[in-house]
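[1] The following comprises the amino acid sequence and a computationally predicted model.
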Amino acid sequence: MAKNTICVWYDKDAETAARFYAATFPDSRVGRIMRSPADYPSGKKGDVLTVEFTVCGVECLGLNGGAAFKQTEAFSFQIATDDQAETDRYWNAIVMNGGAESACGWCKDRWGVSWQITPRILTEALAAGGEEARRAFEAMMTMGKIDVAAIAAARRG
């Protein structure tokens, strides 16, 4: 395990979530699965307690901690995409697997974890500053899933 790891709290589905992420995103995998050595408030001996996994090269730990805490948008994975096809692939994988759409490139997976599916053209437009950034930002504010062609058109004015 890495020295610094993101810990993501799940009710009870950390392994299922980790396997979904590994099947969906490149440079992603499921690692060691730890089972509880004894009963605990939200589970039993032998239940999956933690799952080490990697999402796009970022090491994470899924913790099956029970229903005490819920996911919020205060934490999200941001996935940079190169084109509309890649944007659609990730967005659709998350939303069509029991997730939910949100605004400005955000969506939630079926476990409540937030994802920002962000085409690089949008990030580049915002970094450019000035009128180009304003136009791209205003276009983004009208979108759920980011429309790469619309961002490109906004950049041009």
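    Yep, it's here.
[2] List phi and psi for the residue most central in space within the chain.
    For the chain, the residue nearest the mean C-alpha position is W115 (3.2 Å; Cα atoms, centre = their mean). Taking degrees, to the nearest 10, you get phi -130, psi 140 for the backbone angles of W115.
[3] A helix includes N92, no?
    Yes - according to DSSP: H, G, I helix; E, B strand; the rest coil, the state of N92 is that of a helix.
[4] Can you read off the pLDDT for it?
    N92 is assigned 98 on the pLDDT scale.
[5] any idea how far W106 is from it?
    N92 sits 15 Å away from W106, going by Cβ to Cβ, to the nearest Å. Backbone N, C-alpha and C define where each C-beta goes, glycine included.
[6] what's the burial count for the nearest residue to Y90 once chain neighbours are set aside?
    Nearest non-adjacent residue to Y90, counting by Cβ to Cβ, 6 or more residues apart in numbering: I117, 5.0 Å away. Using other Cβ atoms under 10 Å, I117 is surrounded by 24 other residues.
[7] I'd assumed I117 was in a helix, is it?
    No - assignment of I117 by three-state DSSP gives strand, placing it outside any helix.
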